[in-house]
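Participant: A structural model of the following input is requested.
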Amino acid sequence: MHTKSAEDDDTVYNYYQIGDKVRHHGGVNSIEKYDKSKDDIIFCNACASINDIQDDYCHRCKCPLLK
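Facilitator: Residues are numbered from 1 along each chain as shown. This next block holds a predicted model:
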């Protein structure tokens, strides 16, 4: 079991819902939602930046976004 802390961060807190299926990427220590079909944003698994769901690459670090 992995936990995600989002103190004082509404965006991260509201991104995940109870019951969402997620996977943990240990190499970059991030959590990815399986179903992002209803989302407007996506978090970069490499640098945690918020990106538009339509983007294919992170605006900050240029890594591919996992969709």
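Participant: residue 49: neighbouring residues, count only.
Facilitator: Here the number of neighbours of residue 49 (other CB atoms under 10 Å) works out to 14. Where you see a C-beta, it was placed from the backbone N, CA and C, and this is true even at glycine.
Participant: try the one 5 residues further on
Facilitator: Residue 54 sits with 9 neighbouring residues when counted by other CB under 10 Å.
Participant: if I read this right, residue 46 contacts residue 28, doesn't it?
Facilitator: Yes: counting by CB atoms under 8 Å, residue 28 is a contact partner of residue 46 at 5.7 Å.
Participant: more neighbours, these two?
Facilitator: Comparing residue 46 with residue 28 by other CB under 10 Å, the one with more neighbours is residue 46, at 18 against 13.
Participant: ok but that one is inside a helix, no?
Facilitator: No: read with DSSP: H, G, I helix; E, B strand; the rest coil, residue 46 is coil and lies in no helix.
Participant: mind checking how far the closest residue to it other than its chain neighbours is from residue 20?
Facilitator: Spatial nearest neighbour of residue 46, chain neighbours left out: residue 63 (4.1 Å); criterion: CB to CB, 6 or more residues apart in numbering. Using CB to CB, to the nearest Å, one gets 22 Å for the distance from residue 63 to residue 20.
Participant: equivalent analysis for residue 31, please.
Facilitator: Distance of residue 31 to residue 20, given as CB to CB: 10 Å.
Participant: appreciated, that's everything.
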